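In: only the shape, not the letters, is given here:
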């Protein structure tokens, strides 16, 4: 079984996220990556997150979380956070963060490398052959086809942070 080095998966994502925080801005973006493991504690199935895994294998699930922190003295509004799905992984689902649901954050997804975004479920037009004729059909895009995620955070109060993220599976 192949093993992947963690920094290779993280590097491209981290650089993209860090580039979004402007030098003079009170906004800082911090990416955290963790290996998700199913474990049993006191007879109950639960999850264990191992931060900054050194090696991952095909089939492993990773949590990608971005913390958007406002270190300024005024609220920030309409903050956009973009995060690509790391190369060598497949998007699975949104990560649940307690403060995101309450914040009214809106997630949008891209299937074209971040050129365009839309709310889920995404649709695309495909051409199929039916009864010997080419027919165009609109179909729903599977989340595994997502290449990027963008969140719009309506407000981050001064001195607070919000977390957004998703889970991926290593190919």
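Out: Here it is on my side, so go on. A quick note: this is a predicted structure, and the numbers were derived from the prediction, not measured.
In: ok, what's across the strand from residue 123?
Out: residue 140 (DSSP bridges).
In: residues near it, how many?
Out: A count of nearby residues for residue 123, using other Cβ atoms under 10 Å, gives 9. Backbone N, C-alpha and C define where each C-beta goes, glycine included.
In: how much space between it and residue 110?
Out: In this view, residue 123 and residue 110 are 13 Å apart by Cβ to Cβ, to the nearest Å.
In: what residue ranges in this protein score low on pLDDT?
Out: For the chain, the stretches flagged by pLDDT under 70 are 1-24, 97-102.
In: quick one: the helices in it?
Out: Ranges of helices within the chain are 6-20, 98-103, based on DSSP state H.
In: wait, what's in contact with residue 167?
Out: Applying Cβ atoms under 8 Å, 6 or more residues apart in numbering, we find residue 167 in contact with 36, 61, 62, 63, 64, 91, 92, 93, 94, 95.
In: residue 53 too?
Out: Taking Cβ under 8 Å, 6+ apart, we find residue 53 in contact with 6, 33, 34, 35, 60, 62.
In: what does residue 74 give?
Out: By Cβ under 8 Å, 6+ apart, the neighbours of residue 74 are 26, 158.
In: that one and residue 40: what is the separation?
Out: 47 Å.
In: cool, residue 167 as well?
Out: Distance from residue 167 to residue 40, by Cβ to Cβ: 20 Å.
In: quick one: stretch 52-67 to chain centroid distance?
Out: 12 Å (Cα atoms, centre = their mean, to the nearest Å).
In: quick one: end-to-end distance for that stretch.
Out: 15 Å (Cα to Cα, to the nearest Å).
In: buried ones in that stretch, by neighbour count?
Out: Using 16 or more other Cβ atoms under 10 Å as the test for burial, stretch 52-67 gives 53, 56, 60, 61, 62, 63, 64, 65, 66, 67.
In: same thing with stretch 38-55?
Out: Neighbour counts over stretch 38-55 (16+ other Cβ under 10 Å) mark residue 53 as buried.
In: and stretch 142-157, by the same measure?
Out: Neighbour count says stretch 142-157 has 143, 146, 148, 149, 150, 151, 153, 156 buried, by 16+ other Cβ under 10 Å.
In: tell me the spacing between residue 44 and residue 38.
Out: Relative to residue 38, and taking Cβ to Cβ, residue 44 is found at 11 Å.
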